[in-house]
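Participant: kindly generate the corresponding structure for this input.
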Amino acid sequence: MRNKIKLILTGLVLSICLCACGQKTDPQMEKFKKDVEAFCSSISTLDQSINQIDPNSENATTQLLEYLSEVNMRFKAFADLDFPTDYDALEHLADEASEYMSTAVQYYNSAFSNNSYNEYNAEYAKENYSRAIKRIKIILALLKGENVDDPSVVISYESSEQAQ
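Facilitator: Below you'll find the model as predicted:
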């Protein structure tokens with residue numbers, strides 16, 4: 001159980017390490033930057049809480065699922081952020097991350113339901129979890145101004161002319 005918890009949260013820890021934005025000074029960007037930092041901070045706190053779960057405890061699974069539910073709520077809130085115009089294309093990735101995290105949490109709950117462990121559901125949950133974390137890492141990297149070349153993730157940039 002402890003290894004599964006660590007595996008589940010490795011991606012979260014990595015995303016926290018990447019938490020930073022560019023250095024624009026307009027008010028919308030500053031608010032967005034604070035919102036992203038708050039997201040990263042909350043995920044870091046949840047990660048610490050999950051790592052403190054005693055895997056031998058009889059309520060370890062319940063605690064894990066409660067924390068994952070909170071992670072899911074944070075991802076949904078992140079997807080609901082108003083991205084600055086310069087980063088509109090990243091909103092789609094945030095939405096995808098939230099959807100993948102929701103599916104992951106749903107399947108983790110299913111994997112541990114009825115006092116049993118369903119490996120198929122756990123693997124599917126893990127795959128969705130990884131996809132959610134991947135998108136968050138890409139968003140954070142792009143916010144830092146890094147180039148990201150990942151053919152499995154599509155970022156569509158529409159010009160204002162195309163959007164009209």
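Participant: in stretch 140-156, what's buried?
Facilitator: Neighbour-count burial for stretch 140-156 flags 140, 141, 142, 143, 153 (criterion: 16 or more other Cβ atoms under 10 Å). Bear in mind the C-beta positions are built from the backbone N, C-alpha and C, glycine included.
Participant: need those in CSV with distance to residue 97 and secondary structure, can you?
Facilitator: As requested, the buried residues of stretch 140-156 are exported to CSV (distance: Cβ to Cβ, whole Å; DSSP: H, G, I helix; E, B strand; the rest coil):
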residue, distance to residue 97, secondary structure
140, 11, helix
141, 13, helix
142, 13, helix
143, 13, helix
153, 10, coil
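Participant: quick one: low-confidence parts of the protein?
Facilitator: Applying pLDDT under 70 to the chain picks out residues 1-25, 154, 156-164.
Participant: now the residue nearest to residue 107 when sequence neighbours are not counted: phi and psi?
Facilitator: Of all residues not flanking residue 107 in the chain, residue 125 sits nearest, at 3.5 Å (Cβ to Cβ, 6 or more residues apart in numbering). When read as degrees, to the nearest 10, the backbone of residue 125 gives phi -60, psi -50.
Participant: correct me, but residue 125 touches residue 105?
Facilitator: Yes: Residue 125 lies in contact with residue 105 (Cβ atoms under 8 Å); the separation is 7.5 Å.
Participant: quick one: the strands in the protein, in order.
Facilitator: With DSSP state E as the definition, the chain shows no strands.
Participant: using CSV, write out every CA atom in stretch 83-94.
Facilitator: Written as CSV, here are the backbone C-alpha positions of stretch 83-94 (Å, rounded to 0.1, in the frame of the first residue of the first chain):
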residue,chain,number,x,y,z
PHE,A,83,-6.3,32.1,-17.7
PRO,A,84,-4.8,35.4,-19.0
THR,A,85,-5.3,36.0,-22.7
ASP,A,86,-1.6,35.1,-23.4
TYR,A,87,-2.3,31.6,-21.9
ASP,A,88,-5.8,31.0,-23.2
ALA,A,89,-4.6,27.9,-25.1
LEU,A,90,-3.6,26.3,-21.7
GLU,A,91,-7.2,26.3,-20.4
HIS,A,92,-8.0,23.3,-22.5
LEU,A,93,-5.1,21.4,-20.9
ALA,A,94,-6.3,22.4,-17.4
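Participant: in that stretch, what counts as buried?
Facilitator: Counting neighbours by 16+ other Cβ under 10 Å, stretch 83-94 gives 83, 84, 87, 90, 92, 93, 94 as buried.
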